[in-house]
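*Asks:* fold the following.
(chains A and B)
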Amino acid sequence: MSPLNMSSERLSQLQVAPLAILLTLFTGLPLLMVVVLSFWPFDGLEYAPGFTLTNYAEMFASATTWRTFAVTLRYAAITWAITLLIGFTVSYYLVFHVRRVKVQIALFLLCTIPFWTSGVIRTISWIPFLGREGLFNMALMKLGLTQGPLDMLLFSDFAVVLTYVNLFTLFMIVPVFNAMAKIDRNVIEAAHDAGATQWQILRDIVIPLSSTGIALGSIFVVTLVMGDFLVVRAMSGGQSSSVVSAMKNNIDQLYYPQAAASAVLLIAVVLAMVTAILRIVDVRAELSR
Amino acid sequence: MHKSFSFWLLSAFFALFLLFLYGPMIAIFVLSFQGPTGGMTFPMRGASVHWFGDLVASTRYGDLAGAFGRSLILGLFAMLVTVTVSFFAGLGFRRRFRGAGALFYLAIAALVMPGVLTGLGIATLFQTLGLSTNWLTSGLGAHLTWTLPFGLLIMFAVMNRFDRRWEDAARDGGATPVQVLRLITLPILAPGLIAVALFGLTLSYDELPRSLLTVGTRNTLPIQIANLTANVTTPALYAIGTLTTLLSLGLIVAAFVAILISGRRK
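*Replies:* Below is the predicted model:
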């Protein structure tokens, strides 16, 4: 059948077929597999196909589950708040204060370049700053603010959140910048001429019209934090664990069904959060704008 | 516009943000040239390329060259597949078709699903099917769940600005579908496709969580580096960081140059 006498819907379906097949094979089926695996019985040594609710019963009975979820959600909330504040401010500056388009694009690219470099490397890059002999401790002692070096800088919640903000803020900047750049300048001029203050323009025009970008950025940041294990492991010094780092320990010990059960719970929580965000803002409308 | 107080305040904020973003990267770049007796933090004890040499000379760091080679090959495959598949999917998504919504949400699911979980699912799926995991099969598939959604989103953005009348005009002029694709659609979309290629290559090259359970017995570079962070306490770690970051930056520059050139040709 030549493309010419094919119906246009057929042609479209043919064109997206490779994507559909690859995503079904490597996301759809694996997702299903994780759900199935979470019901398989496990006797402490091996697991086999079957059906049991033990994995879930054990998971919900364990205090560790609740603690790791609480820790992870707290990280997500704090990181989200900070990245939103920074991301919004940076985008606002680039869109409304940098007038020359070339400069604007160059500065925007400068914000996004780290995205294409290694997250592992960017995580360990904080060691020279936060370590016992790191730059922050040296500065604090030089200024006479502390007597000895502070251990709390590296290997603490502070270090974890700092690294998250460093790694993930650009995921907030890109969508918020895109949404803001599409705001019609005439609307703002009109509001200005009608006597609106800077603050009123921000509250009644800029924030509502950037909401889809904020929603997209929030989805990125929240899901990235919820899915992280590397930063927590490297920067908390083993003092706290997130859902996925605890799950990773289960996997390392080959406790796959337990890991799968907490994976299902995590997916449910993440999906609930994403759905909630999508309920508030229509993200697809933004993408096709 | 007069430069107001808020302009300078926000400029200072932006400068601080860039310092925060790049400061650590610059620090490890400088520290990777630490002298042979120097440690992982400042001050510098001399300047040398000792730790770069150590990467080659010492066996402490495992099969770094092999891991690098595998990551690069994997990245190139991911790039080729991502560009081709995203391109056609982008064309397909221009029209309404049954299943469009479901496929879009599947792509979003692939994007937001924690990478370790994707890896766990793929590894168990392979195990259940009696297949062994390998960096070029399950590993590549795992990486595609990260690169394809980005490719698709970029294609959406590119297609929004694509004027279909170019294609119609060529068709009316008697061009065959293949000619339209080769002479009109591809050249116009070239800058966007280069961007997709950049995402495909670098995201795969740096991907850790999706790789952990899916690459089989032979590590890729991010896994190797993550393992080393636990044991290596010398600036050699920073030397690896400097090398791999320079490679990424080189790819970004190459991509932007290519975008500029292909954009100018029109």
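
*Asks:* now do the same for residue 65: its pLDDT.
*Replies:* Looking at chain A here, since you left the chain open. Residue A:65 carries a pLDDT value of 88.

*Asks:* other chain: chain B
*Replies:* For residue B:65, the predicted pLDDT is 87.

*Asks:* give the helix, strand or coil label for it.
*Replies:* The three-state assignment at residue B:65 reads helix, by DSSP: H, G, I helix; E, B strand; the rest coil.

*Asks:* can you count the residues close to residue A:99?
*Replies:* 8 (other CB atoms under 10 Å in any protein chain shown). (Each C-beta comes from the backbone N, C-alpha and C, glycine too.)

*Asks:* what sits against residue B:13?
*Replies:* Neighbouring residues of residue B:13 by CB atoms under 8 Å, 6 or more residues apart in numbering or on different chains: A:89, A:90, A:93.

*Asks:* and residue A:131, its phi and psi?
*Replies:* Dihedral angles of residue A:131 (phi, psi; degrees, to the nearest 10) stand at phi -60, psi 170.

*Asks:* quick one: residues contacting the residue nearest to residue B:89 when sequence neighbours are not counted.
*Replies:* Distances taken as CB to CB, 6 or more residues apart in numbering or on different chains put residue A:19 closest to residue B:89, at 4.1 Å, once the chain neighbours are dropped. For residue A:19, the contacting residues are B:85, B:86, B:88, B:89, B:103, B:107, B:148, B:152, by CB under 8 Å, 6+ apart.

*Asks:* circling back: counting neighbours, which of the contacts of residue B:13 comes out on top?
*Replies:* In those, the most neighbours by other CB under 10 Å go to residue A:90, 25 neighbours.

*Asks:* state the distance from it to residue B:240.
*Replies:* Look at residue A:90 and residue B:240: by CB to CB, to the nearest Å, they are 30 Å apart.

*Asks:* what is the neighbour count of residue B:130?
*Replies:* Neighbours of residue B:130 (other CB under 10 Å): 6.

*Asks:* Three-state assignment for it, please.
*Replies:* Under three-state DSSP, residue B:130 comes out as coil.

*Asks:* next one, pLDDT for it please.
*Replies:* On the pLDDT scale, residue B:130 gets 90.

*Asks:* distance of it relative to chain A?
*Replies:* Applying CB to the nearest CB, to the nearest Å, the value for residue B:130 to chain A is 13 Å.

*Asks:* circling back to that earlier point, list the buried residues in the helix or strand containing the residue nearest to residue B:89.
*Replies:* Assigned by DSSP states H and E, residue A:19 falls within helix A:8-23. Residues A:11, A:12, A:13, A:14, A:15, A:16, A:18, A:19, A:20, A:22, A:23 are the ones in helix A:8-23 that count as buried (16 or more other CB atoms under 10 Å in any protein chain shown).

*Asks:* the third one is in contact with residue B:91, isn't it?
*Replies:* Yep, that's residue A:13 we're talking about. No. Between residue A:13 and residue B:91 there is no contact, the gap being 11.6 Å when judged by CB atoms under 8 Å.

*Asks:* of all residues in the stretch 51-200 of chain A, which one is closest to chain B?
*Replies:* residue A:125 (3.4 Å; CB to the nearest CB).

*Asks:* so what's that residue closest to, chain neighbours aside?
*Replies:* That would be residue B:24: by CB to CB, 6+ apart, it lies 3.4 Å from residue A:125.

*Asks:* next one: whichever strand or helix holds that neighbour to chain centre, how far?
*Replies:* Element membership of residue B:24 [criterion: DSSP H and E] is helix B:5-31. Centroid separation for helix B:5-31 versus its chain: 24 Å, with CA atoms, centre = their mean, to the nearest Å.

*Asks:* what's the following helix or strand past it packed up against?
*Replies:* Proceeding N to C from helix B:5-31, the next assigned helix or strand is helix B:50-57, under DSSP H and E. Packing contacts for helix B:50-57, counted by 3 or more CB pairs under 8 Å, 6 or more residues apart in numbering or on different chains; DSSP states H and E, involve helix B:236-264.

*Asks:* for the helix it packs on, buried residues please.
*Replies:* B:236-245, B:247-249, B:251-252, B:255, B:258-259, B:262.

*Asks:* show the pLDDT at the nearest residue to residue A:28 once chain neighbours are set aside.
*Replies:* Leaving aside its sequence neighbours, residue A:28 sits nearest to residue B:106 (CB to CB, 6+ apart; 6.1 Å). Here, the pLDDT recorded for residue B:106 equals 93.

*Asks:* which element, helix or strand, includes residue B:106?
*Replies:* Counting by DSSP H and E, residue B:106 is part of helix B:100-112.

*Asks:* what's next to stretch B:69-81, contact-wise?
*Replies:* In contact with stretch B:69-81 (CB under 8 Å, 6+ apart) are residues A:22, B:135-136, B:139-140, B:143-144, B:147-148, B:197, B:200-205, B:215, B:218-222.

*Asks:* what separates that stretch from the chain centre, distance-wise?
*Replies:* Using CA atoms, centre = their mean, the offset of stretch B:69-81 from its chain centre is 10 Å.

*Asks:* could you do stretch B:151-166 as well?
*Replies:* That offset, for stretch B:151-166, works out to 21 Å (CA atoms, centre = their mean).

*Asks:* show me what counts as buried in it.
*Replies:* B:151, B:152, B:153, B:154, B:155, B:156, B:158, B:159, B:162.

*Asks:* so, low pLDDT: which residues of chain B?
*Replies:* B:1-3, B:265-266 (pLDDT under 70).

*Asks:* switch the cut-off to 50
*Replies:* B:1 (pLDDT under 50).

*Asks:* what sits against residue 251?
*Replies:* Using chain A. So residue A:251 contacts A:259, B:116, B:120, B:213 (CB under 8 Å, 6+ apart).

*Asks:* the intended chain is chain B.
*Replies:* Here residue B:251 is in contact with A:116, B:198, B:201, B:202 (criterion: CB under 8 Å, 6+ apart).

*Asks:* need the strands for the stretch 151-266 of chain B, in chain order.
*Replies:* Assigned by DSSP state E, counting those that start in this stretch, the strands in the stretch 151-266 of chain B number zero.

*Asks:* within range of chain A, give me the residues from it.
*Replies:* B:152-153, B:156-157, B:160, B:177, B:198-199, B:202-203, B:206, B:208-209, B:212-213, B:222, B:225-226, B:229, B:237-238, B:240-241, B:244-245, B:248-249, B:251-252, B:256 (CB under 8 Å from any CB of the partner chain).

*Asks:* need the max-distance pair from the contacts of residue A:19.
*Replies:* B:88 and B:107 (14.0 Å; CB to CB).

*Asks:* can you pull out the helices in the stretch 51-200 of chain B?
*Replies:* Counting by DSSP state H, counting those that start in this stretch, one finds helices in the stretch 51-200 of chain B at the ranges B:64-92, B:100-112, B:115-128, B:138-160, B:165-172, B:177-179, B:186-205.

*Asks:* restrict the fifth one to CA atoms and write it as CSV.
*Replies:* Right, helix B:165-172. Output of helix B:165-172 as CSV, limited to C-alpha atoms (Å, rounded to 0.1, in the frame of the first residue of the first chain):
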residue,chain,number,x,y,z
ARG,B,165,1.9,25.0,3.0
TRP,B,166,5.5,24.3,2.0
GLU,B,167,4.7,20.6,1.8
ASP,B,168,1.4,21.3,0.0
ALA,B,169,3.1,23.5,-2.6
ALA,B,170,5.7,20.8,-3.3
ARG,B,171,3.0,18.2,-3.7
ASP,B,172,1.0,20.4,-6.0
